[in-house]
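Trainee: generate a structure from the sequence data that follows.
(one chain, ligands or ions: 1)
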Amino acid sequence: MFELFYEPYYNFTSQFLQDNKITVFISKSCEPVGFIKDLISFTDSLVDFRFKIVKKSKNAEITFSEQQVVYGNPDYLGVAIPNYDRWNLVIKKSAGVYKQWAYAHELGHALGMEHPFDAEDGDVWNYSTTDDTLMSYEYRPSYNWFYRQADIDTITGIWNY
Ligand SMILES: [Zn+2]
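Mentor: This next block holds a predicted model:
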């Protein structure tokens, strides 16, 4: 998997919580929408704030969309682009079996999660392997392309006080 992630914006997270909710826009280009809604719903169940799906992208703090080519590079499956206090998550339309992973992975970035190979900062990945997280590029479950326990622990650790 190839994708981009700009410099981590971990400070942005507090802005999400000013109103105790994250607004999400799902573009009509996205499919399957059911998976994205399940992903958001499950993530919502992990955290103390609420996700709210909105009808207009301008009202969204996280925007999901799909494109034929992501960020001008045919090798990218997805990209998480921070834009001030917002995130644009763009997934390759033809990502196939990787698409659900790409959605969950990019949402992970928007929630402050990093790749396990970004371990120079010495945080949670010290005792993990790349199989423990969908933030790994080597993540290859045979089924259920979804959060692993380390992902759940990370999300709850970042967001719940
Ligand atoms: Zn990534």
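Trainee: what sits up against the longest helix seen in the chain?
Mentor: If you go by DSSP state H, the chain has its longest helix at helix 33-46. Outside helix 33-46, the residues that touch it by CB atoms under 8 Å, 6 or more residues apart in numbering are 24, 26, 30, 50-51, 53, 64, 100, 103-104, 107, 111, 146-147, 152, 155-156, 159-160. Placement of C-beta: from N, CA and C, glycine included.
Trainee: all strands for the protein, in order.
Mentor: For the chain, the strands defined by DSSP state E cover 2-5, 21-26, 50-53, 62-67, 76-83, 86-92.
Trainee: give me the neighbour count for residue 94.
Mentor: 12 (other CB atoms under 10 Å).
Trainee: please disregard the earlier target; I meant residue 48.
Mentor: Neighbours of residue 48 (other CB under 10 Å): 10.
Trainee: need phi/psi at it.
Mentor: phi -80, psi -20 (degrees, to the nearest 10).
Trainee: just want the most central residue of this protein.
Mentor: residue 107 (1.2 Å; CA atoms, centre = their mean).
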